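Novice: I'll drop the sequence and a predicted model, then ask my questions.
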Amino acid sequence: MSTLLAAAGSLEPAARSYLSPTGQEIVFLLVGVLVLGAAVVSVTTRQLVHAALWLVVALGGLAVEFLLLTAEFVAWVQVLVYLGSVVVLVLFGLMLTRAPIGRSPDADSGNRPAALAVGAASAATLVTLVVDAFRSSWIDLSGPAGTTRLTGEFLFSHWVLPFEALSVLLLAALVGAIVLSRAKGDGTKPRPGNLRTVLTKTKER
Amino acid sequence: MIATHALAAAGGNSPSIPAPHIEYGQLSPMLVVFGAALVGILAEAFLPRRLRAATQLGISLAGLVGGFVAVVVLAAQGHASTRAGLLAMGSVAIDGPALFLQGVILLTAVLAVLTYAEGRLEPRINGHRIDAFAAQAAAVPGGEQEREATREGLRTTEIYPLTLFAVGGMLLFPASNDLLTMFVALEVLSLPLYLMCAIARRRRLLSQEAAVKYFLLGAFASAFFLFGTALLYGYAGSLRLGEIADVVSGVAPVTPALAVTTQNDALLLIGLAMVSVGLLFKVGAVPFHSWTPDVYQGAPTPVTGFMAAATKTAAFGALLRLFYVAFPGIRWDWRPVMWGVAILTMVVGSILAVTQQDVKRLLAYSSIAHAGFILTGLIATDRRGVAAVLFYLLAYSFVTLGAFAVVTLVRDSKGEATHLSSWAGLGRRSPLLAAVFALFLLAFAGIPLTSGFTGKFAVFQAAAGGGAAPLVIVGVLSSAIAAFFYIRVIVLMFFSDPQPSGPAVAVPSALTATTIAFGVLVTLGLGLLPQYFLDLATKASIFIR
């Protein structure tokens, strides 16, 4: 990591060209291809669990990309939130709803062309936007801009009040989740089979 | 000091972050309310069930009244005028409008919490009091589990801490001095409201549908707000409202980055538009109003009253601060758009209200129309406009709370009888209640000697003074349309024959009676002797930057 940083810092902007890429840039491109491939497989595979696992690869690769850009805080947030929570939530969702684990030919909906169009359109917009915004400019990555230390200093000096208010928000969400989901009063256990009956009813509908 | 160093060395960090400077005393209204919410959660966890409802009511009232006392003390110390300033590293502004609106929100919340605790409107079941909230929110509507929970006398007492959380967010919302704090406050106030909409005791499917609608549309609006925030940051390089204003008006020192971003106004205009969408959604302005009737109808009526009064107050406070602090420099760009929004809101709200057959939906469309009237005050873009909006919010909050409290009293065997046909002849059966409701409707319509007239007069006067005379004409015309349907309800109550199987009027306990009495008092007081409160609003009408 530090060698990569040093390599990035030592180059003068004028000396850079697309024909002599640094090691960091090669790695960045390779990981990018990997992320793209994993993302494509994850939306085309017919096995739901495989799709979730390919999503892990895609999101993890994205975290590596952030690290290569020296945005370490964002990288770890990516790992914690997307790998740690979102994908786990997806897998738990699959397990708890007892969705079919193997191939599921009925997983495709008729919305595939529409989804493809929306995905392609948003990708095109983003690519145009980013290419247009940065064009051929090079950003020096040797500064402290992405470090956790700097982020933390800002968070706990300038943004401490919104940060604390967010913790209140999480507490309110927690209380709300308990209110909406706790099926029985104190001390009594939920009746066995309750979840199952609810689920089968939902499926019948 | 040595110990700190040793600790820091053990942790591998150097303690070089300067501690942020937080003015706890001036933040005390919010801190008291959030503290009461935490105490409420602890009470929920550790107290036996039969003690909970009464304890929660006590904690909530103590917190809200304590917060109000703190607001009054801060105002008396001059924090609304001479000592106004930015707090908590510039995240929060305590000034006249912030303190005025915080006071209104806290008083509204006190009265709303009183209606939450009302347990005498329905006969007891198994000796347990029945309130407006689901016995158990997780039980399937109409199922065996629900009946069992009702028999056991379970109550959703978590409603009190959730309300306190929402109130805390509402206190922060009009006082927030940067877009990030504003967004967090928006979420803190919205999330508990989404939840509270879902736990009506009667007509639970309607209530749950309302909550899901509100949640989905609200999340959408929040996303708009956040995206707009990002664009504005891209334009101005800062989230602070004051610094954005400097960049917008070209006062800020030009850095290389600013020189690039400020060449193109697209970021600024699109960002402002998206942030405004998020806020206009919360105030229920057309074309972002479609959630209002469904949510007002589906939510438990005490929650509807709270939501209609306090959310509108908080959201208009934030809207005022955004436009008056951050974007006075481009008022010639946003004023025409807000003209359109205000005209649409007044006209659409008034006309659609005429066709409604349900009291709660009628009040919802009336609240949309009132959002339009308040927007005309916002468009004035001067001090008088701010004062008029502040006064209008004070007047409107108490009328709304009172009106929804009256709606909870008219009941039949299935709960509240909200269909207009069942209100026919109510004046003969229960003259006092009908007279009180008629007073609230007259105040909504803006008839002289009620608070509604003073409020409307103030905003229209400010708008006319601010060069928006055509807007005032549209406003007066929509008021006339609105008066038609308010008076139609009064005629229905007093001059038509009651249905044989019509609803009964429940006799409330002292809790709801206090709310309604306070509503009547404020409505008449602000109508007959408005001068003191108009002066107060005028004194409180200067934003700090």
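Specialist: Nice, I can see it. Numbering: from 1, shown residues only, chains lettered A, B, ... in the order given.

Novice: what is the burial count for residue B:139?
Specialist: Counted with other Cβ atoms under 10 Å in any protein chain shown, the neighbours of residue B:139 add up to 21. C-beta coordinates here come from the backbone N, C-alpha and C atoms, glycine included.

Novice: so it: helix, strand or coil?
Specialist: Following DSSP: H, G, I helix; E, B strand; the rest coil, we place residue B:139 in the coil state.

Novice: wait, a helix at residue B:93?
Specialist: No - applying three-state DSSP, one finds residue B:93 to be strand, outside a helix.

Novice: next one: phi and psi at the residue nearest to residue B:409 when sequence neighbours are not counted?
Specialist: Closest residue in space to residue B:409, ignoring its immediate chain neighbours: residue B:506 at 5.1 Å, by Cβ to Cβ, 6 or more residues apart in numbering or on different chains. As for residue B:506, its main-chain torsions (degrees, to the nearest 10) stand at phi -70, psi 150.

Novice: the one 4 residues further on too?
Specialist: Recorded main-chain torsions at residue B:510 are phi -60, psi -20, according to degrees, to the nearest 10.

Novice: what separates it from residue B:517, distance-wise?
Specialist: 10 Å (Cβ to Cβ, to the nearest Å).

Novice: so for those two, which residue has more residues nearby?
Specialist: More crowded of residue B:510 and residue B:517, by other Cβ under 10 Å: residue B:517, with 15 against 11.

Novice: and residue A:71, what is it in contact with?
Specialist: Counting by Cβ atoms under 8 Å, 6 or more residues apart in numbering or on different chains, residue A:71 touches residue A:146.

Novice: leaving out sequence neighbours, find the closest residue to the residue most central in space within chain A.
Specialist: Centroid-nearest residue in chain A, with Cα atoms, centre = their mean: residue A:82, separated by 3.9 Å. Leaving aside its sequence neighbours, residue A:82 sits nearest to residue A:59 (Cβ to Cβ, 6+ apart; 4.4 Å).

Novice: that neighbour against residue A:87, yeah?
Specialist: Yes - with contact defined as Cβ atoms under 8 Å, residue A:59 reaches residue A:87; the gap is 6.9 Å.

Novice: what's around residue 156, how many residues?
Specialist: Let's take chain A. Residue A:156, neighbours per other Cβ under 10 Å, totals 15.

Novice: meant chain B, my bad for not saying
Specialist: Residue B:156 has 24 nearby residues by other Cβ under 10 Å.

Novice: list the contacts of it.
Specialist: A:179, B:133-137, B:199.

Novice: give me the element residue 30 is part of.
Specialist: Going with chain A. Here residue A:30 sits within helix A:23-44, counting by DSSP states H and E.

Novice: oops, chain B please
Specialist: Using DSSP H and E, the element containing residue B:30 is helix B:28-46.

Novice: is chain A within reach of that helix?
Specialist: Yes - using Cβ under 8 Å from any Cβ of the partner chain, helix B:28-46 comes into contact with chain A via B:34, B:37-38, B:41, B:44.

Novice: the helix holding residue A:30 - what's its average pLDDT?
Specialist: In this model, helix A:23-44 has a mean pLDDT of 92.

Novice: show me what counts as buried in it.
Specialist: Neighbour counts using 16 or more other Cβ atoms under 10 Å in any protein chain shown place A:24-25, A:28, A:31, A:34-35, A:38-39, A:41-42 of helix A:23-44 among the buried residues.

Novice: could you do stretch B:475-483 as well?
Specialist: B:475, B:478-479, B:481-483.

Novice: what's the closest of those residues to residue B:337?
Specialist: Nearest to residue B:337 out of the buried residues of stretch B:475-483 is residue B:475 (Cβ to Cβ; 17.3 Å).

Novice: what residues does the stretch 151-300 of chain B have near chain A?
Specialist: B:152, B:154, B:156, B:158, B:161-162, B:165-166, B:168-169, B:172, B:180-181, B:183-185, B:187-188, B:191-192, B:194-195, B:198-199.

Novice: returning to what we had before: what about the residue nearest to residue A:82, how many neighbours?
Specialist: Neighbours around residue A:59, by other Cβ under 10 Å: 20.

Novice: one more: residue B:464?
Specialist: Residue B:464: 17 neighbours (other Cβ under 10 Å).

Novice: ok, now residue B:250?
Specialist: By other Cβ under 10 Å, 10 other residues sit near residue B:250.

Novice: can you give me every residue that contacts it?
Specialist: Taking Cβ under 8 Å, 6+ apart as the criterion, residue B:250 is in contact with residue B:329.

Novice: any idea how far residue B:161 lies from residue B:195?
Specialist: Counting by Cβ to Cβ - residue B:161 and residue B:195 are separated by 11 Å.

Novice: for residue B:235, same thing?
Specialist: Distance of residue B:235 to residue B:195, computed by Cβ to Cβ: 35 Å.

Novice: same check, this time on residue B:498
Specialist: Relative to residue B:195, and taking Cβ to Cβ, residue B:498 is found at 38 Å.

Novice: and those two? Which one has more around it.
Specialist: Between residue B:498 and residue B:195, residue B:195 has the larger neighbour count (other Cβ under 10 Å), namely 27 against 17.

Novice: give me the neighbour count for residue B:413.
Specialist: Neighbours of residue B:413 under the rule other Cβ under 10 Å: 9.

Novice: wondering if stretch B:309-325 reaches chain A at all.
Specialist: No - Stretch B:309-325 is not in contact with chain A by Cβ under 8 Å from any Cβ; minimum separation 13.9 Å.

Novice: what about that stretch, average pLDDT?
Specialist: Averaged across stretch B:309-325, pLDDT comes to 95.

Novice: that one spans what distance, first to last residue?
Specialist: In stretch B:309-325, first residue to last residue: 24 Å (Cα to Cα, to the nearest Å).

Novice: do stretch B:70-84 as well
Specialist: Stretch B:70-84: ends 15 Å apart by Cα to Cα.

Novice: which residues touch residue 56?
Specialist: Using chain A here. Neighbouring residues of residue A:56 by Cβ under 8 Å, 6+ apart: A:83, A:87.

Novice: try chain B instead
Specialist: Residues counted as contacts of residue B:56 (Cβ under 8 Å, 6+ apart) are B:40, B:43-44, B:157, B:160-161.
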